[in-house]
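Peer 1: Pasted the sequence and its predicted model underneath.
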Amino acid sequence: MAGVLLRTAGGTLLFVILLWLVRIDDYRVAGMMLTFPMLNGIGLVAAGANAERLTKAMLPVITLNGVMCFLFAWILTASETARSHPALMTMLAVLAWLGVYAALEARNIALARNATMTAFAAGCALASLAVTYWLWPACASVPAAAVVRPGGLAGVMEGWVTIGLFAASLAVVFGFAHRFQNAHAAIGRLAALPMVPLFGLYTVATVLGPDPAALGKLETMRSMVLIGWAFALLFVVALSRYVMRSAFASSSAFNRLAALIAGWALCLGCIVASAKIAAALAACTGT
């Protein structure tokens, strides 16, 4: 059990460092960060040689998370009633997520082959581009650039609830993996628990509720949620293959951790760059 606690503490420390280092000052970036593969990545690195087995079951749940975040944000933009009742919206999202997750678990739904994972991630990335282009909002009348979440000590102190939820998610994953070491599919699904993005959506809806410019900000945030989801899928597939191969090659855990951090940095860079590129292509550079 000490190993579970140490892994949970180490993973939580990495999350705190992310909050310290990353300042989010664009609503498009905030939307893509909802599905940032933080928990997924830690779960895969911990899985070692079983990383790809986890990923086959993880990808459907990541897809569920991406769709849920997109629909949550879309409903907030479409309904004033939803914007007025963020707690109810969050509760309904949780119930819907649990219903689909229970079906995935009961039927043990997972991708069948390694090649299927790549095709699935690539297909989802193309679909996310198409839907994002189709539903791209008009240039907002309010600036998209704003301090959505500060970095540094302020970001850590402001995110204390998020840190607690992330630590709880890690404890669930590592505790279950410790108790049921061969239940790779179930562990993979648990490593995609969306407690942090759900709370993030609830927080945004609550903070922006009384804001007269809430609709424009929410539309801007919603516009690129699916792009962030596509990055998460591609990241997970690539990382799982590296982790599995490095485990069989007897590479050190430090090398896998370094690859994880490098992957997170690359994913974050892609998120920031894609927000700027999309805004420029849509002639919204000034917002």
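Peer 2: Everything's here; your move.

Peer 1: average pLDDT across the helix or strand that contains residue 51?
Peer 2: In the assignment (DSSP states H and E), residue 51 maps to helix 51-78. Averaged across helix 51-78, the pLDDT comes to 95.

Peer 1: can you list contacts of stretch 62-79?
Peer 2: 31, 34-35, 37, 40, 82-83, 89, 93, 96-97, 100-101, 104, 124, 128, 192, 194, 197-198, 201, 205, 215, 218-219, 221-222, 225-226, 228-230, 232-233, 236 (C-beta atoms under 8 Å, 6 or more residues apart in numbering). Yep, even glycine has a C-beta here, placed from its N, CA and C like the rest.

Peer 1: Going by neighbour count, list what's buried in it.
Peer 2: Neighbour-count burial for stretch 62-79, counted by 16 or more other C-beta atoms under 10 Å, picks out 62-66, 68-70, 72-77.

Peer 1: got the CA coordinates for stretch 4-21 in PDB?
Peer 2: The C-alpha trace of stretch 4-21 is given here as PDB (Å, rounded to 0.1, in the frame of the first residue of the first chain):
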ATOM      1  CA  VAL A   4       0.100   3.300  -3.900                       C
ATOM      2  CA  LEU A   5       0.600   6.300  -1.700                       C
ATOM      3  CA  LEU A   6       4.100   7.100  -3.100                       C
ATOM      4  CA  ARG A   7       2.800   7.000  -6.700                       C
ATOM      5  CA  THR A   8      -0.200   9.100  -5.800                       C
ATOM      6  CA  ALA A   9       2.000  11.700  -4.100                       C
ATOM      7  CA  GLY A  10       4.500  11.700  -7.000                       C
ATOM      8  CA  GLY A  11       1.800  12.100  -9.600                       C
ATOM      9  CA  THR A  12       0.000  14.800  -7.600                       C
ATOM     10  CA  LEU A  13       3.300  16.700  -7.400                       C
ATOM     11  CA  LEU A  14       3.700  16.600 -11.100                       C
ATOM     12  CA  PHE A  15       0.200  18.000 -11.400                       C
ATOM     13  CA  VAL A  16       1.000  20.800  -9.000                       C
ATOM     14  CA  ILE A  17       4.100  21.600 -11.000                       C
ATOM     15  CA  LEU A  18       1.900  21.900 -14.100                       C
ATOM     16  CA  LEU A  19      -0.400  24.300 -12.400                       C
ATOM     17  CA  TRP A  20       2.600  26.300 -11.200                       C
ATOM     18  CA  LEU A  21       4.200  26.500 -14.600                       C
END
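
Peer 1: Residues contacting it, please?
Peer 2: 38-39, 42, 46, 149, 151-153, 155-156, 159, 162-163, 166-167, 170-171, 174-175, 178, 261, 264.
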